[in-house]
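Asker: Just to be clear, the model below is a prediction. Sequence and coordinates:
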Amino acid sequence: MKTLKALFAGLLVAILLATAAPEVRASLDSRSAEITVSGTVTDADSGDPIVAAFVRNVNSQDVGTVTDAAGRYSIKAAVGDRLEFSYLGYDPETVEVKGAVLDVKLQAAQAQLDESRHEQGGICTDATQLRRHRRRRVRPH
């Protein structure tokens, strides 16, 4: 009787695994199948390629690359992984891998160097206000 119950339980588990296995297997295969993702990183406003932009796979700590002189890159990643694109003076962009080609347009960062803000006496002012403040100061005799 115990062997019959164990046999029935084993048969039930095998049937459940056999019916669920295609969906589970397809899900695991799509996540683990590494592909070579390539594309171009460009400036969103001008369309110019961004040279030496850093591309890294967020899901894998040791996978990263840099764009070439034409803004092109190539990196290993699985479908569903997230790639982060960054470059000095631009807002970083994180994009999910859905296929072998992934072109990215980076937006220039909001804070530009010519609009930099300075702290003067605990009050944050822009460069124009700082120049006005310096002109109004009384100089010692």
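Answerer: Looks like it came in fine.
Asker: could you measure residue 43 against residue 98, distance?
Answerer: Distance of residue 43 to residue 98, computed by CB to CB, to the nearest Å: 23 Å. Yep, even glycine has a C-beta here, placed from its N, CA and C like the rest.
Asker: buried residues in stretch 64-81?
Answerer: Buried residues in stretch 64-81, counting neighbours by 16 or more other CB atoms under 10 Å, are found at 65, 67, 71, 73, 75, 77-79, 81.
Asker: quick one: the closest residue to residue 98 other than its chain neighbours and residue 102, what's the gap?
Answerer: Spatial nearest neighbour of residue 98, excluding adjacent residues (CB to CB, 6 or more residues apart in numbering): residue 79 at 6.5 Å. Per CB to CB, residue 79 is found 11 Å from residue 102.
Asker: same thing with residue 81?
Answerer: Distance from residue 81 to residue 102, by CB to CB: 11 Å.
Asker: Could you tell me which residues make contact with residue 57?
Answerer: With contact set as CB atoms under 8 Å, 6 or more residues apart in numbering, residue 57 has these partners: 63-64, 75-77, 81-83.
Asker: again with residue 89
Answerer: 108-109.
Asker: 6 Å - rerun?
Answerer: Each residue near residue 89 by CB atoms under 6 Å, 6 or more residues apart in numbering is listed here: residue 109.
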